[in-house]
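> All I have is the shape, not the residue letters:
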């Protein structure tokens, strides 16, 4: 088995084709704050969820910066132990957001969840501006982190948007499960999204590129996890093995939850 997909080179190729096909890259904050005509032009929202191995975010940030592309990077709370990495990504021209999981961390206790949210958000804002947040799916937890917003409002925390709830009328595509098909996706989708139906044939990144070239959907929302994209063979096989185990675990969870 030779590493071919989910490499840094393949990500560069994806970005090259997005620009070649005429897509304007946007951060989540730009999508929400700028006056975008939804009926003209093509755009792609680029979002990166930094779940693990946070140094990988710097590699992605440099690649995009060299192409004059800005993207949204959502860091989990443990990334606060490495503020220099968060600051580096911000200084390269990217949006920094908070990848919250406070409902699962607080085991459903709303008061505790709010306290965690406020504390983490303050710490992130001590490093750089934060305008948007995005839920971490936490697939092993029985708690749904999006339920935080059934009680609280974005305005309560001076936020302009949430990476799932605030985005509408786009085609959402994620590399979750090491494919673009949504097959191994438990929670990483927009509310009401029927992604499994229309993405079932999108396995590899080349499949995604071919799909975009053929269909040219006007409004794309691409989500990646940089720890999945490797720069050498050792890293690639480690990532491949980890994703394979996670996908098996997710299938067990699906069966258990019904």
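Right, received. Where do you want to start? Keep in mind it's a predicted model, so treat the numbers as computed, not measured. Residues are numbered from 1 along each chain as shown.
> For stretch 6-23, the averaged confidence score.
Stretch 6-23 comes out with an average pLDDT of 97.
> So what touches the host helix or strand of residue 84?
Here residue 84 sits within helix 83-91, counting by DSSP states H and E. Applying Cβ atoms under 8 Å, 6 or more residues apart in numbering, the contact partners of helix 83-91 are 54-55, 57-58, 61, 73, 75, 79-80, 96, 124, 127-129. For every residue, glycine as well, the C-beta is placed using N, CA and C.
> Just among those, which is most surrounded?
Using other Cβ atoms under 10 Å as the neighbour test, the contacts of helix 83-91 are led by residue 73, with 29 neighbours.
> That residue belongs to a strand?
Yes. According to DSSP: H, G, I helix; E, B strand; the rest coil, residue 73 belongs to a strand.
> residue contacts, it?
48, 50, 57, 60-61, 89, 94-97.
> For residue 226, report the pLDDT, please.
pLDDT at residue 226 comes out at 96.
> I'd say it and residue 57 touch.
Yes. The pair residue 226 / residue 57 is scored as a contact, 5.4 Å apart, by Cβ atoms under 8 Å.
> Please determine how far residue 108 is located from residue 116.
12 Å (Cβ to Cβ, to the nearest Å).
> Looking at these two now, which is surrounded by more residues?
residue 116 (18 against 14).
> quick one: the more buried one is in a strand?
No. Applying three-state DSSP, one finds residue 116 to be helix, outside a strand.
> which residues sit in contact with it?
Residue 116 neighbours (Cβ under 8 Å, 6+ apart): 77, 102, 105-106.
> go on, residue 152?
114, 117.
> What of residue 114?
Per Cβ under 8 Å, 6+ apart, neighbours of residue 114: 102, 148, 152.
> Residue 100 versus the last one, what's the distance?
Right, the one you point to is residue 152. Distance from residue 152 to residue 100, by Cβ to Cβ: 11 Å.
> Chain neighbours aside, what residue packs nearest to residue 17?
residue 209 (5.0 Å; Cβ to Cβ, 6 or more residues apart in numbering).
> Check which element follows the helix or strand hosting the one you found along the chain.
Per DSSP H and E, residue 209 falls inside helix 205-215. Downstream of helix 205-215, the first helix or strand assigned by DSSP H and E is strand 219-224.
> what about the nearest residue to residue 28 once chain neighbours are set aside, neighbour count?
Excluding its sequence neighbours, the residue lying closest to residue 28 (Cβ to Cβ, 6+ apart) is residue 72, at 4.4 Å. Other residues lying near residue 72 total 24 when counted by other Cβ under 10 Å.
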